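**Student:** structure for this input, please:
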Amino acid sequence: QVQLQESGGGLVQAGGSLRLSCAASEHTFSRYDAGWFRQAPGKEREFVAAISWSGGRTYYADPVKGRFTISRDNAKNTVYLQMNSLKPEDTAVYYCAADPRHGSWDRPIEYDYWGQGTQVTVSS
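**Tutor:** Coordinates of the predicted model:
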């Protein structure tokens, strides 16, 4: 059972940057694809970015392309989300997730393990 813990959220002004981290409890995480999702109040959870187990492939939702970068360090069992040029509409709780079966990148149901989430608030 892999446990995931996000960190790095906070309050930032529009145009600013944040770096989220997701630390896994087990080294088996290095064999799993990983993703970041977010959920704003009153909205469904939505896909943000994903990365293959090796780090060789990455995928981004259209609203964050060119502003967010997902990466991973398997030696540290950690996935990162660098968020630049933040906008107020990026405000949400951000969750990391792990997919051991290498399914569809953008479907939450494909991910077996989830963190508790970290709040990101972007002020205008």
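**Student:** tell me the helix or strand right after the strand or helix carrying Gly35.
**Tutor:** Using DSSP states H and E, Gly35 maps to strand 33-39. Counting by DSSP H and E, the element after strand 33-39 in chain order, helix or strand, is strand 46-51.
**Student:** dump the residue contacts of the residue nearest the centre of the chain.
**Tutor:** Centroid-nearest residue in the chain: Trp36, 2.3 Å away (criterion: Cα atoms, centre = their mean). Trp36 sits next to 20, 22, 48-50, 70, 79, 81, 94-97 when contact means Cβ atoms under 8 Å, 6 or more residues apart in numbering. Just so you know, the C-beta spots here come from the backbone N, C-alpha and C atoms, and that holds for glycine as well.
**Student:** okay, and the beta partners of it?
**Tutor:** When bridges are called by DSSP bridges, Trp36 pairs up with Ala49, Cys96.
**Student:** now render the contacts of Trp36 as JSON lines, adding pLDDT, neighbour count and distance to Tyr60.
**Tutor:** Below are these laid out as JSON lines (pLDDT from 0 to 100; neighbours: other Cβ atoms under 10 Å; distance: Cβ to Cβ, whole Å):
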{"residue": "Leu20", "pLDDT": "98", "neighbour count": "24", "distance to Tyr60": "14"}
{"residue": "Cys22", "pLDDT": "98", "neighbour count": "27", "distance to Tyr60": "16"}
{"residue": "Val48", "pLDDT": "98", "neighbour count": "25", "distance to Tyr60": "7"}
{"residue": "Ala49", "pLDDT": "98", "neighbour count": "26", "distance to Tyr60": "5"}
{"residue": "Ala50", "pLDDT": "98", "neighbour count": "24", "distance to Tyr60": "8"}
{"residue": "Ile70", "pLDDT": "98", "neighbour count": "24", "distance to Tyr60": "7"}
{"residue": "Val79", "pLDDT": "98", "neighbour count": "30", "distance to Tyr60": "14"}
{"residue": "Leu81", "pLDDT": "98", "neighbour count": "27", "distance to Tyr60": "10"}
{"residue": "Tyr94", "pLDDT": "98", "neighbour count": "24", "distance to Tyr60": "14"}
{"residue": "Tyr95", "pLDDT": "98", "neighbour count": "23", "distance to Tyr60": "16"}
{"residue": "Cys96", "pLDDT": "98", "neighbour count": "30", "distance to Tyr60": "15"}
{"residue": "Ala97", "pLDDT": "98", "neighbour count": "23", "distance to Tyr60": "15"}
